[in-house]
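Undergrad: Sequence first, predicted coordinates after that:
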Protein chains: 2
Amino acid sequence: VSCGDPQRAGMRPISFVRQVIAVCLCPELLTEEIFPLDVRIRAQKLLEACDGQSVGSYTASSGLPHVRQTIAEFIMKRDGVPAYAENIFISSGAQRVFIKLLSGGEGQHQTGVLVPQPCPHTLLPVLDEAGVMAVPYRLIEEKNWAVDKSELHQALTTYRGRCELRAIYISNPGIPTGHLQDRKSIEEVIEFAAAERLMLLVDEVYQDSIYAPNREFISYKKVLFEMEKHLRDSVELVSFHSLSCAFVAECGLRAGYMEVVNIDSRVMHYVDTLLCTDINAPVTGQLALDLMLNPPKLGDPSYNTFAQETLLTQATLARNAQRALKLLNDLPGISCQPAKGGIYLYPHLDLPPEFRRQAKVRKGLEPVVFYCQMLLQEEGLITGPGQHDERTGSHHLRLCVLVPPDALDEVLYRLSTFHLRFVDSDVKSRK
Amino acid sequence: VSCGDPQRAGMRPISFVRQVIAVCLCPELLTEEIFPLDVRIRAQKLLEACDGQSVGSYTASSGLPHVRQTIAEFIMKRDGVPAYAENIFISSGAQRVFIKLLSGGEGQHQTGVLVPQPCPHTLLPVLDEAGVMAVPYRLIEEKNWAVDKSELHQALTTYRGRCELRAIYISNPGIPTGHLQDRKSIEEVIEFAAAERLMLLVDEVYQDSIYAPNREFISYKKVLFEMEKHLRDSVELVSFHSLSCAFVAECGLRAGYMEVVNIDSRVMHYVDTLLCTDINAPVTGQLALDLMLNPPKLGDPSYNTFAQETLLTQATLARNAQRALKLLNDLPGISCQPAKGGIYLYPHLDLPPEFRRQAKVRKGLEPVVFYCQMLLQEEGLITGPGQHDERTGSHHLRLCVLVPPDALDEVLYRLSTFHLRFVDSDVKSRK
C-alpha cells in the first residue's frame, strides 16, 4: 500500500479507456458489436491519428499531434485560458527529461532545485542521477503541510553560494502529504519564483483526486494567467500530468505530458532534441491520455458506465481517507493531518528514544525504516517509510488509501495490531 | 521508407500478439468467443503474471518475472546453451541505459566505444548524449560489408590515448547494411574483444529477418559458448533484441530486452539501479515480447493465421529486397551490395563532382543530404541519407524494404524517375 499503484491493490480500470485501446489494437473489433458504438467510433478516430493507422508505428518524439491537441483542449476547458498543442510534450518520463535539461555545472555552479520536504519519494533519485542538487524547503505539518514563504526564503539563504538555483519543484495536490494549495498560496509561490527568477516545475498529477468538501483544484497556470501581465508574460512554468493519476491509474501504460509556458524558444528546441534521443511514450499510453482527458459525455453509450466507475473511485477514495485518518489519530503515538486530495496519507509517528537508539546502533537503520521492516515481518504489511527530516527529526509513514475498501480494512487492522503491540512492548520495557 | 517503421508503411501486425493484449486490457473478452481459445488462455496466463492481475500496475524495474523467464527459454531454445531470467533486463531503451552505464571520464579518460561505419543511424546521437566517444571501424563494402580484423586494429591504433576504449558495438544482421556475420567472423570479433578486454555490445534486433538462401542467424552468445572455456567464462557480452524487429515490428509498443553474460555483479547491481530511475517498459509492450518469443505452436487454434502472417512477411521481405537490389544495380551511378537480412538496403551513390561542390558551397549540405532533399521535393519520397564516411568520401542511401509490395513499386518508380533525371541533367550540364 505504499507504492501508489491502485490497480495492483485491486482498483478497477476505466472500461472506456481499456475498450478503445483494445479496438485500436484489433481493428477487426470495429465491426463487432461487443463494445458500445462510441468506443468503436473513438477507436476509428484514434487509429486515423496514428501513422499507417496502426498503434505499431513510431510517433513523433513529442507525441501524436492529435493527442497533443486533445490535451491542449482539456487544459483550456479546465483553466479557461488559452493552451497550445505546440507547448505540450508527451513522454514516458517528462519530469526526468526536464530535470536532465536543467542539470549542469559543478561545485558552486551545480544546478540546484528547491524541493519540498517531504517530497514525492521518486523525486530525489531522479535529481541525484541528473547531478542536480536538491535544496529542501520545509512544508509546515502543523499548518496542514502548508507551503510557507519564510521557509522558501530560509532555504534560499542557507543554500546561497552552494549551487545555482534554477527552479522550484511543487507537488500540488501534495505527494505524499495530501495538502492542496489555495489560490493565495499559489500566488505567493509564483511571486517568489518571479522575484528569484526561478522556473516553476509543478507536479499536478493528482489534480483529479480532490475529496475535501468545498475544495477544488486550481492549476498554477490558471492562477498565473489571472495575475498581473508582467508575471503572466514572464514566469517560466512547466506542469506535469500523467496516466498514473487517481481515476485512470494506468501506471503500467506509461505516458504523461508536460505543458510549458513562457519557456525560451531555444530551451524548447532543446526539449525537442532531448525527447528525440529519449524514449517515446508507447502509442497505447498516448491513446490512453487522449481517452482520460476526453472521456465519454452525457448521452454517449459509454457514459453511464464511465460515470459509475469514476463515482465509485471518488467515493472509495474519500471514505477510505476519512476512515484511515480517524483510525490513525485514535492510535497512541500517531497523529495525522487531514488530507484534501491525492492518494496518500502521511501520518506522524512518535518513536520512543530507546527504539530509535536500537535502530541506529544495532541495525544501522533510520528508526522509521526499522519500524516498517518490523511491520512487514510481523504483519506482512508493506508501508513506505517517510522521508527523513534532519531538522525536526520527525518520523512519518506513507500510506496509499486508493485501494478497495476491504483491502484498506486489512491494512488498518494489521497496522493497528502491530502498532498497539509495539507501544505496549515499549511501555513494558521501560517498567 | 527510411525510418524502419514497417507498420507505418502498411505492413500488418501479427494478429495473435494484438488479440492477446486486447484481451489482457479487457478481461471481459476472456468469456467471449470472438477470439480463438488459445488467445484467451494465454491472456489469462499473462494476466496472472501481472500484479493485481492488471496491465495497469507497475512492474519491477527489470520487467515482469514471467516475461523474463519466457525470454530466457526462447534464448535457450535458439542457442542450445543455458540462459537465465536474472540475466535478462526488460526496458524501453536497453541500449541507451547500458551506454549511459559505460559513460564517464573526460579528456583522454573519456569512455570510447568502437562502432561500425556505417552504423544504425540512431546510435551516434545516443552515444553523444551519454558523452561517449564513438570510435569508428570501417565495414568493407566491397566484401559485402564484412567486419574486418585489420580495420578493428587500425581503429584501435588511431584512437589509442585519445579515450578509454571499453566496448565494441556490433549490429548483426547489420543495420543499415544488411550483412550477416558467419561463425568465423563472429569468432574473430570475440577473440579481438577478449584480447583488448572490450565488452561486446551486440544489437541482434533483426535476428528474425534472414532471407538469404542457405544462411541462418547465429547469435554471438551461441558462438561464445562454443569457444574455449577461458573465453566462454570471461568475455563480457550484452545482447539486445526488441519488438521493433522485422516480423512483429511493434515499434509503437516500445519494449525490448538485453541479456548480459559474464558481467561483473557490481555492474549488474548498477544496471538494476539505473533501470529503477529510468522508465519501465509499458506492460503492454512487455506482454508483446512474451508473445513474440513464444508464439502459437502447430495445432494451436491461432497457429494457421500466425504461420500465414509470418510467411507472408518473410516472402515480402525476400522478394522486395531482391527486386529493389536489381533495380538499384540497373540504375547508372548506383551500386548496391546484396543484403542477407534486416530490413534495409544501403546502395552506394556516385555523385558528380559539380553536384557535390554545389551542395557544399551553395547549400552548406552534405551532398547526399542535398540529393535526399531534392528527391523529397521533386518526388515526395523520403529516403535516409547514409552516414558520411570521411575516409572514403562515399555516399549512400538508406532504403527500408519491409513495406507492402505496391508501396515498394511506388518507391522504386519515384526513385528511378528522379535518379535518371538527375543523371541526365548532369550529363547535359557538362556538355
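TA: The structure has been received and is ready for your questions.

Undergrad: okay, CA-based contacts and neighbour counts for the rest of this
TA: Noted.

Undergrad: Helix, strand, or coil at A:F35?
TA: Secondary structure of A:F35, reduced to three states by DSSP: H, G, I helix; E, B strand; the rest coil: coil.

Undergrad: can you pull the contacts of it?
TA: Applying CA atoms under 8 Å, 6 or more residues apart in numbering or on different chains, we find A:F35 in contact with A:Q19.

Undergrad: cool, A:F192 as well?
TA: When contacts are counted by CA under 8 Å, 6+ apart, A:F192 is found next to A:K149.

Undergrad: Pop out the phi and psi values for the closest residue to A:T177 other than its chain neighbours.
TA: Nearest residue to A:T177 in three dimensions, chain neighbours excluded: A:Y346, at 5.4 Å (CA to CA, 6 or more residues apart in numbering or on different chains). As for A:Y346, its main-chain torsions (degrees, to the nearest 10) stand at phi -140, psi 70.

Undergrad: show me where pLDDT drops low in the stretch 151-300 of chain A?
TA: A:277-278 (pLDDT under 70).

Undergrad: is it true that the residue nearest to A:T177 touches A:S335?
TA: No: using CA atoms under 8 Å, A:Y346 makes no contact with A:S335, being 9.1 Å away.

Undergrad: Settle it for me: which of those two has more neighbours?
TA: Neighbours per residue, other CA atoms under 10 Å in any protein chain shown: of A:Y346 and A:S335, the larger number sits with A:Y346, 26 against 19.

Undergrad: And that one, how far from chain B?
TA: Plainly put, A:Y346 is 22 Å away from chain B if you go by CA to the nearest CA, to the nearest Å.

Undergrad: Likewise for A:P282?
TA: 5 Å.

Undergrad: Please apply the same query to A:I218.
TA: 27 Å.

Undergrad: can I assume that residue is in contact with A:S185?
TA: No: shown here, A:I218 and A:S185 do not form a contact pair, counting by CA under 8 Å, at 10.9 Å.

Undergrad: Those two - which one has more neighbours?
TA: The neighbour count for A:I218 versus A:S185, taken as other CA under 10 Å, is higher for A:I218 (19 against 15).

Undergrad: Show the contacting residues for the residue nearest to A:T177.
TA: With the criterion set at CA under 8 Å, 6+ apart, A:Y346 makes contact with A:176-178, A:336-337, A:386, A:396-399.

Undergrad: Ranking by neighbours, what's the top pick from those?
TA: The most crowded member of the contacts of A:Y346, judged by other CA under 10 Å, is A:T177 (32 neighbours).

Undergrad: Look up how far chain B lies from A:Q308.
TA: Using CA to the nearest CA, one obtains 17 Å as the distance from A:Q308 to chain B.

Undergrad: What is the end-to-end distance of stretch A:165-180?
TA: 25 Å (CA to CA, to the nearest Å).

Undergrad: Counting neighbours, what do you get for A:E106?
TA: Under the criterion other CA under 10 Å, the count of neighbours that A:E106 has is 12.

Undergrad: how much space between it and chain B?
TA: A:E106 sits at a distance of 14 Å from chain B (criterion: CA to the nearest CA).

Undergrad: For that residue, give its distance to A:I263.
TA: 24 Å.

Undergrad: Now the most centrally placed residue in chain A: closest residue in space, sequence neighbours ignored.
TA: Here the mean C-alpha position of chain A is nearest to the C-alpha of A:V205 (CA atoms, centre = their mean), at a distance of 4.2 Å. Leaving aside its chain neighbours, A:V205 sits nearest to A:H241 (4.4 Å; criterion: CA to CA, 6+ apart).

Undergrad: Pull the contacting residues for the one you found.
TA: Taking CA under 8 Å, 6+ apart as the contact definition, A:H241 lies against A:203-206, A:256-258.

Undergrad: which of these count as buried?
TA: Those of the contacts of A:H241 that meet the buried threshold are A:203-206, A:256-258, by 16 or more other CA atoms under 10 Å in any protein chain shown.
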